[in-house]
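Student: Show me how the following folds:
(one chain, ligands or ions: 2)
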Amino acid sequence: MKKFENIESTKLISSDQYNLLRNSLRKLFQNKKINKILLINPPDGDQDIFNFEVAKTKRYTNFAPYGLGIISKHLNFKHYETNLLNLNDIILKKVHSSHNKDEFDYKKIINDEIKNAIDSFKPDLIGLTCMFSMTHKSLKYVSEVIKKNSNCPVAAGGVHISNSICSEDMREGFLSDLKDIDLFFLFEAELAFSEFLDLSNQNFDNIELLKQVFIRGEELNFLVKERLRPEGDTLNVIPDHSEMGSMSLSESGKVGNFGWLKEKNQNITTILSNRGCRAQCTFCSVRSFNGVKVRQRSVQSAIDELLYLRDKQNISHVMWLDDDLLYNTKRTMELFNEMVKQDVGVTWDASNGVIAASVTDEIMSAARDSGCIGLVIGMESGNPEILKSIKKPGTVKNFIKAADVLKNYPEINSRVFLMIGFPEETFAKVLDTINVAREMNMDWNYITPLQPLPNTPIFDKMVDDNLAGTEGFGDIKYFVGGGYAKIGSGKSNPLQDSFETIFKKTNLDKIPNPDETKIIWAFMNYYLNFDPLKNITNKHKIEQNVKWMRYVSDIVAKNDPIALYYKMVLEKKYSKSKQVNESDMKRIDKIFNADPQWLEKTKSLGLLFDKI
Ligand code: B12
Ligand code: SF4
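Tutor: Ligands and ions are numbered 1, 2, ... in the order given. Here you go, the predicted structure:
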């Protein structure tokens, strides 16, 4: 790869470098005026991981491309013309309008949509977004199709772009894999990008203002790290939700973790209030991406966006995108109280996780009154040593206290994020997590094996210790979260393994290997999530969990008798009927006939269908 210059600021470079950089940019832009910018959101998953049947069940994520929406608005302020092509939404909508798989051609849809958008809009520059490493291959494909159809410069931005360019271990492989992208914007780039376009329209006469960008140069590549962070009023921008397609996203995919709580045909989208997080967990890239300190948007501008979503976009539920929604008690109370005062009437969830120490009675009471129906606490581990080593903001005491507070708000479906598989985590330490989670007794536990992600301290350390490789980042498929997950895909369900004795037959001071981690996952999923469902008595909890189990059993894991068993148990409690549903009994016979191993498994767990 070409040598590259890592420069803090263009103000600090030599005149030779300055000229090299300017000439490279002039060559790329050919003195052409930039006015029209086509912004593209690639599908979350490429063709190889896209599964038509899963898409039909609406389990794939279909989030508003909020970052592109914000960028678009900033460009419009400066009179640039923009057009937003949401390929993720388009591909999911095409699945729903196709009668069968043969009618659906993933690549043709992408090729045609990109070609049509370029032919009709005639952009001067194309901007791509990419948030997840999992989307890398999809981004690559989209960039190749663009280059076949257009000669204009192509820029990309988003968390995955930023993290890969900033990671010394990843950068080279990343850049040689994405040859059709000319410019890479780092961090939150609405200001840096619009400044860049202004500079290009002045033929780069003056490049002192270049910020947070990687440029493929003729002789040298340049990485300018200096940031132009959005602060104050710049944060109070309401993106154009009709451009992002907010009104119909949840018709064809999943928006957040709590959509199953809402009635069908209600529109859900996302909204952003705070940027950044007060913490710096070692497995998370938020600190390096957003920088230190939490920046907050004005309460009124967030309320205005909610009212616009309700009145003009027919939205009845939103998911906050924030990393640290409850940061600053005074501001949080003001936001929730104003939502009540201004009669917003839109329900909300915090799928992304909140910090346990902020879950107080005062906050949760205001949260419930303002429409909160679901939230997740970020806990990860119940072992104090692990919590310290991953720099998690919270102690076991905090987590248990937060869970106690949430017991007073049964209307809110309250969940927790747990992680397993930290490099120094023994069986005994995992047991600590299990015991704390049991004590907390939350509505559901999201259990995720550690996935070291680029540009995080844990990733860098694991690479140094030879515990993680730097190749294959394009192959990352997350273990849970979203329909691209491996669990519940039907083929090999770890719940079928004999997980019950995993902690009994092992030396607890040993660190589990990857196969054992999978079995631990099954143990935790069963004993923390399914098993406690039979003891629920609170009416809100029964109602929520009937809906949840219907979603899990009827949509996510149709051939899993464990989910079906608990759905039947809860439905019986809910309807107070003595009978179980006939069609469910037929379903279970079918599952056992197809796979007799399941009959043994459910029997060994004491799940007796004829005794429900
Ligand atoms: C909201 C969120 C979610 C939401 C939904 C995300 C969505 N698709 O909208 C939920 C809760 C579902 C979620 C789930 C997960 N998430 Co998440 N999530 C976030 C979070 C907190 C905020 C993202 C966001 O919307 N920010 C606000 C918008 C405005 O910012 P933006 O899109 O980044 O856009 C800005 C810039 O990137 C840039 N930009 C973007 N595009 C472009 C394009 C151009 C041309 C330019 C110039 C600039 C530019 O400018 C924009 C404006 O400032 C980030 C952390 C973070 N702070 O980024 C993690 C983050 C993205 N998530 C992460 C992870 C790991 C996950 C999960 C895998 C967790 C799990 N194990 O289940 C799942 C996977 C979901 C899936 N697809 O299967 C990681 C991703 C790391 C990676 N390399 O892949 C992050 C970075 C957090 C972390 N742990 O480090 N997540
Ligand atoms: S609390 Fe959440 S968002 Fe904040 S650093 Fe930790 S994992 Fe990242």
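
Student: Could you pull out the strands in the stretch 251-400 of the chain for me?
Tutor: Applying DSSP state E, counting those that start in this stretch to the stretch 251-400 of the chain gives strands spanning 267-271, 274-275, 295-296, 315-320, 347-355, 372-380.

Student: can you list the ones you listed in CSV and add distance to ligand 2?
Tutor: In short, each C-beta sits where N, CA and C put it, glycine included. Formatted as CSV, those follow (distance: least, Cβ to the nearest ligand atom, whole Å):
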stretch, distance to ligand 2
strand 267-271, 16
strand 274-275, 10
strand 295-296, 14
strand 315-320, 12
strand 347-355, 6
strand 372-380, 5
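
Student: Let's have those strands in JSON lines, adding mean pLDDT.
Tutor: Formatted as JSON lines, the strands of the stretch 251-400 of the chain follow (pLDDT from 0 to 100):
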{"stretch": "strand 267-271", "mean pLDDT": "98"}
{"stretch": "strand 274-275", "mean pLDDT": "97"}
{"stretch": "strand 295-296", "mean pLDDT": "98"}
{"stretch": "strand 315-320", "mean pLDDT": "98"}
{"stretch": "strand 347-355", "mean pLDDT": "97"}
{"stretch": "strand 372-380", "mean pLDDT": "98"}
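
Student: And for the closest residue to ligand 2 within the stretch 51-200 of the chain, the neighbour number?
Tutor: Residue of the stretch 51-200 of the chain nearest ligand 2, by Cβ to the nearest ligand atom: V159 (11.8 Å). When counting by other Cβ atoms under 10 Å, one arrives at 23 neighbours for V159.

Student: what's around D48, how many residues?
Tutor: Neighbour tally, D48, other Cβ under 10 Å: 12.

Student: I'd say it and S138 touch.
Tutor: No: D48 is beyond contact range of S138, at 9.5 Å (criterion: Cβ atoms under 8 Å).

Student: residues touching the nearest residue to T360 once chain neighbours are set aside, list them.
Tutor: Excluding its sequence neighbours, the residue lying closest to T360 (Cβ to Cβ, 6 or more residues apart in numbering) is V405, at 6.3 Å. Taking Cβ atoms under 8 Å, 6 or more residues apart in numbering as the criterion, V405 is in contact with 359-361, 364.

Student: Shouldn't V405 be within a strand?
Tutor: No: applying DSSP: H, G, I helix; E, B strand; the rest coil, one finds V405 to be helix, outside a strand.

Student: Which residue does the stretch 451-600 of the chain have closest to ligand 2?
Tutor: For the stretch 451-600 of the chain, Cβ to the nearest ligand atom, closest residue to ligand 2: T456, 9.2 Å.

Student: quick one, phi/psi of the nearest residue to that residue once chain neighbours are set aside?
Tutor: The shortest distance from T456 to any non-neighbouring residue, by Cβ to Cβ, 6+ apart, is to S285 (5.0 Å). When read as degrees, to the nearest 10, the backbone of S285 gives phi -100, psi 10.

Student: So what's the residue count around S285?
Tutor: Residues near S285, counting by other Cβ under 10 Å: 20.

Student: who are the neighbours in contact with it?
Tutor: Contacts for S285 (Cβ under 8 Å, 6+ apart) come out as 159, 163, 453-456.

Student: If I look at it, what pLDDT would I see?
Tutor: pLDDT for S285: 94.

Student: now it: how far from F214?
Tutor: 17 Å (Cβ to Cβ, to the nearest Å).

Student: Would you mind listing what in this protein touches ligand 2?
Tutor: Contact residues (Cβ under 6 Å from any ligand atom) of the chain with ligand 2: 277, 279-281, 284, 286, 323-324, 353, 355, 378, 393.

Student: repeat that for 8 Å
Tutor: 277-281, 283-287, 323-324, 352-353, 355, 378, 380, 391-393 (Cβ under 8 Å from any ligand atom).

Student: what residues go with each domain of this structure?
Tutor: Structurally, the chain divides into domains by automatic domain parsing as follows: 4-224, 255-430.

Student: Need the ones you listed in TSV (columns: distance to ligand 1).
Tutor: TSV is the format used below for the domains of the chain (distance: least, Cβ to the nearest ligand atom, whole Å):
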stretch	distance to ligand 1
domain 4-224	2
domain 255-430	4
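
Student: Now render those as CSV, adding distance to L564.
Tutor: Listed next are the domains of the chain as CSV, based on distance: least, Cβ to Cβ, whole Å:
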stretch, distance to L564
domain 4-224, 16
domain 255-430, 16
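
Student: Can you tell me which of these is nearest to D460?
Tutor: Ranking the domains of the chain by proximity to D460 (Cβ to Cβ) places domain 4-224 first, at 7.2 Å.

Student: For the host helix or strand of M585, which outside residues touch it?
Tutor: If you go by DSSP states H and E, M585 is part of helix 582-594. The contact list for helix 582-594 (Cβ under 8 Å, 6+ apart) reads 559-561, 564-565, 567-568, 598-599, 609.

Student: how about the residues you listed, which pair is most distant?
Tutor: Greatest spatial distance in these: K567 and L599, 17.8 Å, computed using Cβ to Cβ.

Student: The two: which has the busier surroundings?
Tutor: K567 (24 against 16).

Student: which SS state does that one fall under?
Tutor: Reduced to three states with three-state DSSP, the structure at K567 is helix.

Student: Pass me the low-pLDDT residue ranges in the chain, would you?
Tutor: Residue ranges of the chain with pLDDT under 70: 1-4, 468-492, 494.

Student: 50 instead, please
Tutor: Flagging of the chain using pLDDT under 50 yields the residue ranges 477-491.

Student: Look up how far ligand 2 lies from N445.
Tutor: 16 Å (Cβ to the nearest ligand atom, to the nearest Å).

Student: List the beta-bridge partners for that residue.
Tutor: Assessed by DSSP bridges, N445 has beta-bridge partners V416.

Student: Report how many residues lie close to it.
Tutor: Burial of N445, expressed as a neighbour count using other Cβ under 10 Å, amounts to 23.

Student: secondary structure element for V546?
Tutor: helix 539-551.

Student: Then S138?
Tutor: helix 136-149.

Student: Which other helices and strands does whatever helix or strand comes next after that helix contact?
Tutor: Per DSSP H and E, helix 136-149 leads on to strand 154-157 as the next helix or strand towards the C-terminus. With contacts taken as 3 or more Cβ pairs under 8 Å, 6 or more residues apart in numbering; DSSP states H and E, strand 154-157 sits against strand 125-129, helix 136-149, strand 183-185.

Student: Relative to K572, which of the ones you listed is closest?
Tutor: Of all these, the one in closest proximity to K572, counting by Cβ to Cβ, is helix 136-149 (43.3 Å).

Student: Any chance you could list what contacts that closest one?
Tutor: By Cβ under 8 Å, 6+ apart, helix 136-149 touches 40, 42-49, 87, 107, 110-111, 114-115, 118-119, 126, 128, 130, 154, 156, 160, 177-178, 180-181, 473-476.

Student: Can you list the buried residues in that helix?
Tutor: For helix 136-149, a neighbour-count test (16 or more other Cβ atoms under 10 Å) marks 136-143, 145-146 as buried.

Student: and which of the residues you listed is nearest S15?
Tutor: S143 (33.3 Å).

Student: returning to what we had before: would you mark the buried spots in the helix holding M585?
Tutor: Quick answer for helix 582-594 (16+ other Cβ under 10 Å): 584-585, 587-588, 591-592.

Student: Contacts only, for the nearest residue to T57 once chain neighbours are set aside.
Tutor: Spatial nearest neighbour of T57, excluding adjacent residues (Cβ to Cβ, 6+ apart): I555 at 5.1 Å. By Cβ under 8 Å, 6+ apart, the contact set of I555 is 57-59.

Student: As JSON lines, the residues you listed with distance to L431, neighbour count and secondary structure would be great.
Tutor: Formatted as JSON lines, these follow (distance: Cβ to Cβ, whole Å; neighbours: other Cβ atoms under 10 Å; DSSP: H, G, I helix; E, B strand; the rest coil):
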{"residue": "T57", "distance to L431": "35", "neighbour count": "16", "secondary structure": "coil"}
{"residue": "K58", "distance to L431": "37", "neighbour count": "18", "secondary structure": "coil"}
{"residue": "R59", "distance to L431": "32", "neighbour count": "19", "secondary structure": "coil"}
